[in-house]
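K.L.:
Just a sequence and a predicted model for now, questions to come.
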Amino acid sequence: MNIHITFGTEDYLASLKNSHRKQRLLLMSNLNSSVLLHETDGKSFFNEPKSYQVINGSGKLTTGNFAVLNNIPVREEGRALFEDRYRYQAQLIEQEKGLQAIRLLRPTKRDTYIIFTLWQRETDYNTWIKSKTSNQKKIYEGIDKTSIFPRPSYVATYTVLK
């Protein structure tokens, strides 16, 4: 399974989504940008997508109203360790109230992984962030962070547009 992401204006991406109704697409927007996400077994129809391989995930992208993309740069030599630790962390949050879907996305050309989570409501995400389950320390235990993470991670949040 693959996920391809493209950016553009909300109007353009909405028209692109409407012209490809049979595809699994998720249109998202925040104050700064709009994003169209394409989940498929093959290639994307986007002209210049950011492409990722789904290496772990659960849930469907058809429900949910709030998306979180945790962008984590990982050096090549740290990928296996990062992916192993992520699997443990994902198991902890898969049963969280309001979580609709989760995907670990391995980049095909870059070094930045995305942990994509889709929540029923923004309040569900905020409740999880404040909980003990969201404690990110466990994923990093025993890892020399400077050796596998070349720069800081960042989070982008979006409202899902229907």
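P.N.:
Sure, I can see it.

K.L.:
and Gly78, which of the three is it?
P.N.:
helix (DSSP: H, G, I helix; E, B strand; the rest coil).

K.L.:
likewise the one 10 residues further on?
P.N.:
Of the three states, Tyr88 takes helix under three-state DSSP.

K.L.:
Quick check: closest non-adjacent residue to Glu96.
P.N.:
Excluding the flanking residues, the one nearest Glu96 by CB to CB, 6 or more residues apart in numbering is Trp128, at 5.0 Å. C-beta: built from backbone N, CA, C; applies to glycine.

K.L.:
Let me see the confidence value for the one you found.
P.N.:
Reading off the confidence values, Trp128 has pLDDT 90.

K.L.:
tell me which residues in stretch 51-68 are buried?
P.N.:
Buried residues in stretch 51-68, defined by neighbour count with 16 or more other CB atoms under 10 Å: 51-52, 57, 61, 64-68.

K.L.:
sorry, back to before: is it fair to say the residue nearest to Glu96 lies in a helix?
P.N.:
Yes. Applying three-state DSSP, one finds Trp128 inside a helix.

K.L.:
what are the bridge partners for Leu25, then?
P.N.:
Bridge pairing for Leu25 (DSSP bridges) gives the partners His38.

K.L.:
That one contacts Leu36, correct?
P.N.:
Yes. Contact between Leu25 and Leu36 holds when scored by CB atoms under 8 Å: they sit 6.1 Å apart.

K.L.:
who has more neighbours, the two?
P.N.:
Neighbour comparison, Leu25 and Leu36: the larger count goes to Leu36, with 26 against 19 (by other CB atoms under 10 Å).

K.L.:
So for that one, what's the nearest residue that isn't a sequence neighbour?
P.N.:
Leu13 (4.3 Å).

K.L.:
would that neighbour count as being in a strand?
P.N.:
No. Counting by three-state DSSP, Leu13 is not part of a strand but helix.
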